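Colleague: predicted model, plus sequence, below.
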Amino acid sequence: MPRTDPGSEALVRYLQTGDRNARTSYRELPGKERIVYQDMVNRVYAVMLRHHFGEKPSEEEVDDLIERVAARHPQYGGGVKRVLQSLVGGGRRGGISPRQVLTAQHLVIREIAKLHPDLRKRAGGIVAQAVGKRGSGDERADIAALFKTAAAAADTADDPGGLRLRAEFEERLREYEKRREAEADVCFTGTDSDSMVSVTLELDGSLRELDLLRGVERMGGRSIAASVVRAWVAAEKRRWSAAHEQGAFDSAPEPGSGSSHGDTFRSEAYSESRLCRAAVDRHGRLRGITFMRTELFDDGRHGLADEVRDAIEGAQGALRADL
């Protein structure tokens, strides 16, 4: 059986049909696009929960949905229980992996869609809105509808109306992609209080740059590690605020909100020389740097910065690969 195209179309199909291939086809996406997909599913999940439970779900309602999903998918019952019980403070995700969370979210939104036929009918619109507020209104949905109309009209090659619609679609799509490229180029920089470390993040939270500044050679390994984390937090606060305003890549909890307290999941990686190890949480946020030896500056501060970047990029890359 041919696999469904990964991405938003697959998610719509899964909501409507429950096709397992549609649920898992996102795994064929490149690493960074998996983060985009995960962000979209987080948004759809939030919409479906609000529709089913309202603003304040009761423990009885949550337990009922857990039992419904577990009865149909017993092998995933534990993950679904941990994800849903967090809604009423009855449990934490703890060490559950991002892929397990994503699978549980898929199963929950499909079960809710089955309980609410109106949601199945509106699946395309729900997913279209979940891509964020880029452009005006439901621009992606508008483009998709325009494309379908243009494709149908193009069956008659000589139809001037069909050619006009296709040209309009192609122009709208070019404008939309230019906007996406411009957004992708936005970055956010933070430093520690002593201005020893500078960290620059992309809109999706990926590390773009990390620099150790003049004077860092006088610091010990633990102090450097702490400064890297502080600079990251400063950059992440700016990134999250902008992401929240744009409605993209903001489904992680607000920095400092305490929402991630008790979540023990970490993705870790060593630098190529194994000089240092980096740990990021399920959202790709840096949680710690550990240096494996005391002699750090054999290649100077720039060489050490390369080692730290290598470890962080490895941890973030492993996180994406494991989705």
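Modeller: Great, that's in hand. Since we're looking at a predicted model, the values are computed, not measured.
Colleague: where along the stretch 101-250 of the chain do the helices fall?
Modeller: Along the stretch 101-250 of the chain, the segments classed as helices by DSSP state H, counting those that start in this stretch run 117-121, 123-130, 139-153, 160-184, 221-246.
Colleague: rank these by pLDDT, which is bottom?
Modeller: Ranked by mean pLDDT, the helices of the stretch 101-250 of the chain end with helix 139-153 at the bottom, a mean of 50.
Colleague: tell me the bridge partners for the closest residue in space to residue 208 that isn't next to it in sequence.
Modeller: Setting aside the residues directly before and after it, residue 208 is nearest to residue 200 in space (Cβ to Cβ, 6 or more residues apart in numbering), at 4.5 Å. In this view, the C-beta of every residue, glycine as well, is placed from N, C-alpha and C. Beta bridges link residue 200 to residue 189, residue 209, judged by DSSP bridges.
Colleague: separation between residue 200 and residue 307?
Modeller: Remark: distance between residue 200 and residue 307 (Cβ to Cβ, to the nearest Å) = 17 Å.
Colleague: just the element for the closest residue in space to residue 7 that isn't next to it in sequence, please.
Modeller: Distance criterion Cβ to Cβ, 6+ apart; nearest residue to residue 7, sequence neighbours excluded, is residue 37 at 6.5 Å. Following DSSP states H and E, one finds residue 37 within helix 31-53.
Colleague: how far out from the middle of the chain is that helix?
Modeller: Remark: helix 31-53 is offset 9 Å from the chain centroid, using Cα atoms, centre = their mean, to the nearest Å.
Colleague: so what secondary structure elements neighbour it?
Modeller: Judged by 3 or more Cβ pairs under 8 Å, 6 or more residues apart in numbering; DSSP states H and E, helix 31-53 is in contact with helix 8-17, helix 59-72, helix 98-115, helix 123-130, helix 300-321.
Colleague: mind doing that once more with 7 Å?
Modeller: Using 3 or more Cβ pairs under 7 Å, 6 or more residues apart in numbering; DSSP states H and E, the elements in contact with helix 31-53 are helix 8-17, helix 98-115, helix 123-130, helix 300-321.
Colleague: okay, the angle between the third one and helix 98-115?
Modeller: Orientation note: helix 123-130 sits at an angle of 140 degrees relative to helix 98-115 (axes from the mean of the first three to the mean of the last three Cα atoms, to 10 degrees).
Colleague: these two touch, right, residue 39 and residue 251?
Modeller: Yes. Using Cβ atoms under 7 Å, residue 39 is in contact with residue 251, at 5.3 Å.
Colleague: what's the neighbour count on the nearest residue to residue 235 once chain neighbours are set aside?
Modeller: With sequence-adjacent residues excluded and distances taken as Cβ to Cβ, 6+ apart, residue 235 is closest to residue 190, at 3.2 Å. Around residue 190 there are 19 other residues, counting by other Cβ atoms under 10 Å.
Colleague: how about residue 46?
Modeller: For residue 46, the count of nearby residues is 14 (other Cβ under 10 Å).
Colleague: please apply the same query to residue 241.
Modeller: Neighbours of residue 241 under the rule other Cβ under 10 Å: 14.
Colleague: which residues does it contact?
Modeller: Residue 241 is in contact with no residue at all, counting by Cβ atoms under 7 Å, 6 or more residues apart in numbering.
Colleague: isn't the residue nearest to residue 208 right up against residue 191?
Modeller: No. Residue 200 lies out of contact with residue 191 (Cβ under 7 Å); the separation is 10.1 Å.
Colleague: quick one, what contacts the residue nearest to residue 7?
Modeller: So residue 37 contacts 7, 26, 29 (Cβ under 7 Å, 6+ apart).
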